[in-house]
Structures are given as C-alpha cells and as structure tokens.
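Visitor: need the 3D shape of this:
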Amino acid sequence: MTILYETKDRIATITLNRPEVANAQNAELLDELDAAWTRAADDDDVKVIVMRAEGKHFSAGHDLKGSSPSPEKITLESIYSAENRRYLEYCLHWRNVPKPSIAAVQGRCISGGLMLCWPCDLIVAAEDALFSDPVAIMGIGGVEYHGHTWELGARKAKEILFTGRPLTADEAERVGMVNKVVPREELDAEARALAEQIAAMPSFGLRQAKRAVNQTLDVQGFHAAIQSIFDVHQTGHGNALSVTGYPILAKLDEMKKKLR
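Guide: This is a model prediction of the structure:
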C-alpha cells in the first residue's frame, strides 16, 4: 500500500509509504491519501491527525511518469481535469477537515510535497528538512496549490520561486511556515507529543479554533487566490504543450532521479 493508516489514543497517523521513490506522488498514492483523510475526518474517536513519511525524504513531489499518457496524447483539458481533482480539490479538502492536523517533515519536500504539508495546521520539521518549489525551470510559476505567499510572505515567496533554491527548516521556522525544528531522530516523537497535547483539548473547541483561523484567511482572500492561481498554473502546461515532446515530463523525471 502506498499509504499506511493507524489510530491510537485518539490520534490518526497517516504515513506516506513509497520510500523507494522518495514518496513521489502517483495517482494511487493521492487517492489513498485522500481516503485516509476522509477516514480520519469521519471517525468520531479521532481528534488529531498526524501525517508523516517513511524513508529519507518526506516527498519528492508529483510522480507523473508512470501514470501519464504519452506526450502526444496529453491535452490541456486532460491536465486541468486531473489536477483540479487530485491536486486542488484534495488539498482544499485536507485543509478544511475540521480536526487539527500535524505534518512531520524530513529530508526533501519538493513542489508537490509542499501540497501535502501546507494543508496541515501545524508542521514539525527535522533539522535536515529542505522545502523547495523549483518548477520555474520547467516554465511553471509554482505548484497547483499555490500557498507560497501565505506561507512565506510575498518577498520570500518570490525569492524561492525565482531561484528554485530550497528553504531550510530553520528559515521556514523563522518565517512562520514551520512550528518547530527538531533533530531527525526525534521527529516522530515530537510530532506525537504535540498531537497528544492537542488531543487533550475539547473537540468542539479545537474545531471552532481551526474554523476561526481558516475563515479569517478566507476572508483575506486565501480561497479565492488559490482557485485563481490554479488557472495561472495551467498556462504553464499550455506553454509546454506548444513545445514538441512536452519537455516538462522529462525535466521532472530528471529531478526525481537525483533523489533515488
């Protein structure tokens, strides 16, 4: 299975389980992941959700090679439809699950990997964690769930997108994207301890606190911005489709191989 799921002491733990490919996300993984989030959301005995990953890296992002049609069969309509469901809708679903969630991140968290941890309410990062979205090199202005400005602030978001360089765990903590940085060997224990602390709080109070913060962001324009920038993202695919062979896929695969 690409996703592992367990519950204990009112905490649901969802684990990415493709360490052999740095937890790159194929369609199967994303569908199983969304099902796990739904399972945790519907379970009245679950108060907190922890998402973690097996292996050296949290996630190398989208794994399009195995599930994508051949380049000559790709259309902008097919890309838009698939990404709207598995990227935009899934991320918004996870973000809006009315239970506190914690992401435990180690190693590389690249592009689509950000779309797994950003929807979580809290992020605990290992000291070796590196967060990046270098897709400008492929002619795209950032991943589909474009939380960069909200997570990093406008100027830091532009720096990371313009240069493609990774943001260290300490930098991410300083700008408020990460709540806590811990040694790699303590990551799971720290995430668990935080989840246990939160699980001791009243469920309704947790739900209302999360709703208050998320709704404040939505009033400030978060939801509308995420929706509109998804369409901006699709112009990158449109541009790539105008180039013979759809080179985005080759560049993406080349980036992933360096982590294996």
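
Visitor: only C-alpha atoms from now on, for both contacts and neighbour counts.
Guide: Noted.

Visitor: quick one, phi psi at residue 12?
Guide: Main-chain dihedrals, residue 12, degrees, to the nearest 10: phi -100, psi 130.

Visitor: wait, what's in contact with it?
Guide: 5, 6, 40, 46, 47, 48, 49, 50 (CA atoms under 8 Å, 6 or more residues apart in numbering).

Visitor: how close does it get to residue 63?
Guide: Using CA to CA, to the nearest Å, residue 12 is found at 26 Å from residue 63.

Visitor: and if you look at residue 79?
Guide: The value you get for residue 79 to residue 63, if CA to CA is used, is 14 Å.

Visitor: need the three-state assignment for residue 237.
Guide: helix (DSSP: H, G, I helix; E, B strand; the rest coil).

Visitor: tell me the contacts of it?
Guide: Residue 237 sits in contact with 76, 79, 140, where contact means CA under 8 Å, 6+ apart.

Visitor: compare these and tell me which has the most neighbours.
Guide: Within the contacts of residue 237, most neighbours by other CA atoms under 10 Å means residue 140, with 22 neighbours.

Visitor: wait, isn't that residue in contact with residue 236?
Guide: Yes: shown here, residue 140 and residue 236 form a contact pair, counting by CA atoms under 8 Å, at 4.7 Å.

Visitor: for my notes, confirm residue 104 occurs in a helix.
Guide: No: going by three-state DSSP, the assignment for residue 104 is strand, not a helix.

Visitor: hang on, it packs against residue 123?
Guide: Yes: counting by CA under 8 Å, residue 104 touches residue 123, with 6.1 Å between them.

Visitor: how close does residue 95 sit to residue 211?
Guide: The separation that residue 95 has from residue 211, given CA to CA, amounts to 10 Å.

Visitor: again, but for residue 202
Guide: For residue 202, the distance to residue 211 - CA to CA - is 14 Å.

Visitor: now residue 118
Guide: Counting by CA to CA, the gap from residue 118 to residue 211 is 16 Å.

Visitor: who's more crowded, these two?
Guide: residue 118 (23 against 16).

Visitor: now do the contacts for the more buried one.
Guide: Contacts of residue 118 (CA under 8 Å, 6+ apart): 147, 151.
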